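Q: 3D model of this:
(one chain, ligands or ions: 2)
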Amino acid sequence: MARRALITGITGQDGSYLAEHLLREGYEVWGLVRGQANPRVPRVRRLLQDVRLVRGDLLDQGSLISAVEKAQPDEVYNLGAISFVPMSWEQAELTGEVTGMGVLRVLEAIRVCSGITASRGSSARQIRFYQASSSEMFGQVRETPQTERTPFHPRSPYGVAKAYGHFLTQNYRESYGMFAVSGILFNHESPRRGAEFVTRKVSLGVARIKLGLASELRLGNLEARRDWGFAGDFVRAMHLMLSAAEPEDYVIGTGRTHSVRELVEAAFGAAGLDWERHVVCDSSLHRPAEVDLLCADPKKARTQLGWEPTVSFEDLVAMMVEADLRLLADGRDPEQDNPSWP
Ligand code: NAP
Ligand code: GDD
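A: Ligands and ions are numbered 1, 2, ... in the order given. Have a look, this model is predicted:
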């Protein structure tokens, strides 16, 4: 019988790549969708036709229990979150509820549906759990590169909420013997990335300028450095973690770091443009507290899981710029009508 996976965050970037990957691996895939008229749900229905949808919200414990009862998953991937860091200052409480407490609610749904109690430990049928932890937890980094042992110093309400979810996942593993793991993922991007994140903002900006639809691109801090990889590579790591013999946490990143300035140079260069003629630095886009430098040490994932990234920073940037040039040249809506979805 096919293994069954339930994915929260199915309408997001990673949800789409993970669903495709698990379908290819022969899984029956279920996706949690929220809201009575969520505008992203029709896109999922159209483009991920083999995924079964179940209604639920990370804010609503009962809905998560019902979703687990309905999907009867062998594996749950908790990708749902408020994931845009600047929003976490504007809506700090909501971010705590969704990105932090949401993890507790999913773990509780699994625990209750599996009949696990502190005294009885885990039941015969284990549901494996993956938590989407983040390199934002390292924040003001204590060492470079960052490993599974690097201490956390989050710099945003988002990072703090992710740290809560991370420790809670460890705690459920230790308290109840659950197969619960966190992937500490560094930034990963694709043509399906939300337009609010810097890589996609830049690739869309470049495409608009190249096609004469805009003349400038306003950006914040150009000096921040990130370890950027390709989302399609990173979802493979999630699946490998839940397929491992033992439940362990892993850092997933490329091990290479680039500044936003280098990203901009590469993206404008890919379209034959001079970035200095178009980019405007806007201090209103700076964050109250910045994460200056992220760089992964993915040795543990490489040696224990056999995981390797396959797309370089340069190829990733070129892929995104080319996809957005095609998208805008066809007169499509970058959010609703993205042909880079399957
Ligand atoms: P994304 O594109 O922003 O997707 C976020 C998902 O969360 C969406 O499907 C959204 O659904 C869902 N969501 C938001 N509020 C919810 C709620 N109350 N109940 C249920 N679902 C809700 O994020 P992503 O880039 O795919 O990232 C996936 C996960 O990995 C996130 O947890 C993110 O924090 C984490 N992460 C991402 C990166 C990265 O670089 N991409 C790195 C490290 C960790 P709606 O359509 O309903 O809004
Ligand atoms: N979004 C954005 N917009 N970022 C900008 C801009 C701009 O106009 N100008 C400069 N930046 C800088 C930000 O200050 C930050 O240092 C860097 O670009 C990356 O910003 P984002 O792309 O918004 O991503 P992030 O690093 O804050 O968070 C992403 O990665 C995390 C993993 O490290 C998100 O995907 C998080 O959900 C994820 O956990």
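Q: gap between the residue lying farthest from the centre of the chain and ligand 2?
A: Residue farthest from the centre of the chain, counting by Cα atoms, centre = their mean, is residue 119 at 34.4 Å. Separation of residue 119 from ligand 2 (Cβ to the nearest ligand atom, to the nearest Å) stands at 36 Å. For the C-beta atoms, the positions are set from N, CA and C on the backbone; glycine is no exception.
Q: what of residue 340?
A: Residue 340 is 17 Å from ligand 2, by Cβ to the nearest ligand atom.
Q: burial count for that residue?
A: 16 (other Cβ atoms under 10 Å).
Q: again with residue 97
A: So residue 97, with other Cβ under 10 Å, has 16 neighbours.
Q: follow-up on the earlier one: and the pLDDT for the residue farthest from the centre of the chain?
A: Residue 119 carries a pLDDT value of 70.
Q: what do you get for the one 3 residues further on?
A: You'll see residue 122 listed with a pLDDT of 58.
Q: just the pLDDT for the residue in the chain positioned nearest to ligand 1.
A: Nearest to ligand 1, among the residues of the chain, is residue 12, at 2.2 Å (Cβ to the nearest ligand atom). Note on residue 12: pLDDT of 96.
Q: show me which residues of the stretch 51-200 of the chain sit near ligand 1.
A: Counting by Cβ under 6 Å from any ligand atom, the stretch 51-200 of the chain comes close to ligand 1 at 57-59, 79-83, 98, 132, 134, 185, 187-188, 194.
Q: per-domain residue ranges of the chain.
A: 4-188+228-252, 189-226+256-329 (automatic domain parsing).
Q: what's the closest of these to residue 336?
A: domain 4-188+228-252 (6.6 Å; Cβ to Cβ).
Q: re earlier: dump the residue contacts of the residue farthest from the centre of the chain.
A: With contact set as Cβ atoms under 8 Å, 6 or more residues apart in numbering, residue 119 has no partners.
Q: and the helices in the stretch 201-342 of the chain?
A: Using DSSP state H, counting those that start in this stretch, the helices assigned to the stretch 201-342 of the chain run over residues 231-243, 260-270, 299-300, 313-329.
Q: coming back round to it: for residue 340, find the nearest of the domains of the chain.
A: domain 189-226+256-329 (3.5 Å).
Q: now that closest one, how far from the centre of its chain.
A: 16 Å (Cα atoms, centre = their mean, to the nearest Å).
Q: shaky segments in the stretch 1-150 of the chain?
A: By pLDDT under 70, the weakly predicted segments of the stretch 1-150 of the chain are 120-125.
Q: and it, which residues reach ligand 2?
A: Checking the stretch 1-150 of the chain against ligand 2 by Cβ under 6 Å from any ligand atom, the hits are 83, 85, 134, 135, 136.
Q: most surrounded residue in those residues?
A: Of those, with other Cβ under 10 Å as the count, residue 134 tops at 27 neighbours.
Q: quickly list what that one is bridged to.
A: As for beta bridges, residue 134 partners with residue 185 under DSSP bridges.
Q: just checking, it touches residue 182?
A: No - at 9.3 Å, residue 134 does not count as touching residue 182 under the criterion of Cβ atoms under 8 Å.
Q: my read: residue 39 touches residue 33, true?
A: No - counting by Cβ under 8 Å, residue 33 is not a contact partner of residue 39; they are 11.2 Å apart.
Q: more crowded one of the two?
A: Taking neighbours as other Cβ under 10 Å, residue 39 and residue 33 compare with residue 33 leading, 22 against 10.
Q: which residues touch the more buried one?
A: By Cβ under 8 Å, 6+ apart, the neighbours of residue 33 are 10, 11, 41, 44, 53, 54, 55, 56.
Q: so where do the strands sit in the stretch 101-250 of the chain?
A: 128-134, 180-185, 188-189, 217-219, 225-226, 229-230, 250-252 (DSSP state E, counting those that start in this stretch).
Q: show me the one of the ones you listed that comes nearest residue 94.
A: Across the strands of the stretch 101-250 of the chain, closest to residue 94 is strand 128-134 (Cβ to Cβ), at 17.2 Å.
Q: what is the closest one packed up against?
A: strand 75-78, helix 102-114, helix 157-176, strand 180-185, helix 231-243 (3 or more Cβ pairs under 8 Å, 6 or more residues apart in numbering; DSSP states H and E).
Q: can you lay out those as JSON lines showing mean neighbour count and distance to residue 318?
A: Below are the helices and strands packed on strand 128-134 laid out as JSON lines (neighbours: other Cβ atoms under 10 Å; distance: least, Cβ to Cβ, whole Å):
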{"stretch": "strand 75-78", "mean neighbour count": "27", "distance to residue 318": "29"}
{"stretch": "helix 102-114", "mean neighbour count": "22", "distance to residue 318": "35"}
{"stretch": "helix 157-176", "mean neighbour count": "21", "distance to residue 318": "29"}
{"stretch": "strand 180-185", "mean neighbour count": "26", "distance to residue 318": "22"}
{"stretch": "helix 231-243", "mean neighbour count": "21", "distance to residue 318": "15"}
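Q: now those in TSV, with distance to residue 271?
A: Shown next, in TSV, are the helices and strands packed on strand 128-134 (distance: least, Cβ to Cβ, whole Å):
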stretch	distance to residue 271
strand 75-78	35
helix 102-114	39
helix 157-176	31
strand 180-185	28
helix 231-243	22
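Q: CA atoms of stretch 61-71 as CSV?
A: Output of stretch 61-71 as CSV, limited to C-alpha atoms (Å, rounded to 0.1, in the frame of the first residue of the first chain):
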residue,chain,number,x,y,z
GLN,A,61,-6.5,22.4,17.1
GLY,A,62,-9.7,20.6,16.3
SER,A,63,-9.3,21.1,12.5
LEU,A,64,-5.8,19.5,12.7
ILE,A,65,-7.0,16.5,14.6
SER,A,66,-9.7,16.1,12.0
ALA,A,67,-7.2,16.4,9.2
VAL,A,68,-4.9,13.8,10.7
GLU,A,69,-7.9,11.5,11.2
LYS,A,70,-9.0,11.9,7.6
ALA,A,71,-5.6,11.7,5.9
